[in-house]
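Engineer: Predicted coordinates and the sequence they were generated for:
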Amino acid sequence: MKCGPGVITRQRMRAWFTHIPGRWLQAEERARLREILPTLFGYHLLQLGDLYSKECLNSSRIPHCIVQDPDRQTAPPAGERLRSVFRGESDYLPVAADSIDVVLMPHTLEFTHDPHQVLREVERVLIAEGHVVILGFNPWSPWVLWRLALGWRARPPWCGHFIRASRLRDWLQLLGFDIVGCEHYFYRPPLTHKGLMQRLRFLDRLGRRWWPMCGAGYVVVAKKRVATLTPLKPSWRSRRPRMVSPELAGNSRVGSLDNCESHGNKPKRND
């Protein structure tokens, strides 16, 4: 059973991030964001969703950080590096086109009815050469066992729409993005016992080395490609006529046709 982007789903997801293993997964994600966000520059950063603390925005060097919060329950604390919060849905953003430098999506796509529309909105609001950072749950991790067992209860995160990182990269490339990087993380099972989770910490080290694609979460960074016009040289350039000896005339004609085919100048049939 899938759970949609409702208020109850978001409340349960926020609660899940405050307990083990959600809190530990969030710590891994913050560590990744502390490495990624300082390398991205601009004037405006937009975070889609408010599933967990906005503390991760503090590592960004971008001066104006905006959070899209569908519920907008509380005002931003004074200590957090945040300037604006607005209420709205991520599939239809009240944001001008080509106005945002970086978009951060912490598990936004898993709990929306139309992830394609959300990505189209991200492409619309990003400036040329702008970046999107997406955090997601990996459907091919060992967590799939818990998802199969608990997904029917409509309890997040197990009821969310998990998207493979490879599929997400394909979607982004179709929208005109270049993939900058992708990394999986957190290889421990989603247990709630703190001591056992600490003893299983070695699985993270083994997973990164031996089965890197099986991490519970992943981060994808992509850059909006700039469409440029490449001037083409005219194929009808006049050439100075050359004298060809009669005995080589036939061979020269065949050679010229081969040269056109090798350079793609000969029109091809569309069968």
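Structural biologist: Cool, got the structure. Bear in mind the structure is a predicted one, so any value in this text is a computation, not a measurement. Numbering: from 1, shown residues only.
Engineer: Point out where the stretch 51-200 of the chain drops to low pLDDT.
Structural biologist: Counting by pLDDT under 70, the stretch 51-200 of the chain shows low-confidence ranges at 52-55, 72-83, 150-153.
Engineer: Going along the chain, name the strands of it.
Structural biologist: 64-68, 84-86, 100-106, 126-137, 177-185 (DSSP state E, counting those that start in this stretch).
Engineer: Give me the helices and strands touching the first one, please.
Structural biologist: Under the contact definition 3 or more C-beta pairs under 8 Å, 6 or more residues apart in numbering; DSSP states H and E, strand 64-68 sits against strand 44-48, strand 84-86. For glycine as for every other residue, the C-beta is placed from the backbone atoms N, C-alpha and C.
Engineer: The first one pairs with which strands, and in what direction?
Structural biologist: In the sheet containing strand 44-48, its partner strands are strand 64-68 (parallel), strand 100-106 (parallel), by DSSP bridges.
Engineer: If you drop the residues flanking it in sequence, what lies closest to residue 9?
Structural biologist: residue 3 (4.7 Å; C-beta to C-beta, 6 or more residues apart in numbering).
Engineer: OK, contacts around the one you found?
Structural biologist: By C-beta atoms under 8 Å, 6 or more residues apart in numbering, the contact list for residue 3 reads 9, 111, 154, 155, 156, 159, 160.
Engineer: related to what we said a few turns ago, right, so of the helices and strands packed on strand 64-68, which gets closest to residue 202?
Structural biologist: Of all these, strand 44-48 sits nearest to residue 202, with 32.9 Å by C-beta to C-beta.
Engineer: can you map out the helices along the stretch 51-200 of the chain?
Structural biologist: Taking DSSP state H, counting those that start in this stretch, the helices of the stretch 51-200 of the chain run over residues 115-125, 144-150, 165-174, 194-199.
Engineer: follow-up on the earlier one: reformat the strands paired with strand 44-48 as JSON lines; add distance to residue 58 and mean neighbour count.
Structural biologist: JSON lines is the format used below for the strands paired with strand 44-48 (distance: least, C-beta to C-beta, whole Å; neighbours: other C-beta atoms under 10 Å):
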{"stretch": "strand 64-68", "distance to residue 58": "9", "mean neighbour count": "20"}
{"stretch": "strand 100-106", "distance to residue 58": "12", "mean neighbour count": "24"}
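Engineer: Could I get the ones you listed in TSV, plus columns for distance to residue 199?
Structural biologist: Putting the strands paired with strand 44-48 into TSV (distance: least, C-beta to C-beta, whole Å) gives the following:
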stretch	distance to residue 199
strand 64-68	36
strand 100-106	28
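Engineer: Nearest approach to residue 215 belongs to which of those?
Structural biologist: strand 100-106 (15.9 Å).
Engineer: Counting neighbours, what do you get for residue 181?
Structural biologist: Neighbours of residue 181 under the rule other C-beta atoms under 10 Å: 10.
Engineer: which residues touch it?
Structural biologist: 219, 220, 221.
Engineer: for residue 98, same thing?
Structural biologist: Contacts for residue 98 (C-beta under 8 Å, 6+ apart) come out as 124, 125, 126, 127, 128.
Engineer: can I assume the first one is in contact with residue 99?
Structural biologist: No: look at residue 124 against residue 99 with C-beta atoms under 8 Å: they stay out of range, at 9.5 Å.
Engineer: hey, C-alpha coordinates of stretch 27-40 in CSV?
Structural biologist: Output of stretch 27-40 as CSV, limited to C-alpha atoms (Å, rounded to 0.1, in the frame of the first residue of the first chain):
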residue,chain,number,x,y,z
ALA,A,27,23.1,11.6,10.4
GLU,A,28,24.6,9.9,7.4
GLU,A,29,22.7,12.2,5.1
ARG,A,30,23.9,15.3,6.9
ALA,A,31,27.4,14.1,6.6
ARG,A,32,27.0,13.8,2.8
LEU,A,33,25.4,17.3,2.6
ARG,A,34,28.2,18.9,4.6
GLU,A,35,30.5,17.7,1.9
ILE,A,36,28.3,18.6,-1.1
LEU,A,37,26.5,21.9,-0.3
PRO,A,38,29.7,24.0,0.4
THR,A,39,30.8,23.2,-3.2
LEU,A,40,27.6,24.7,-4.7
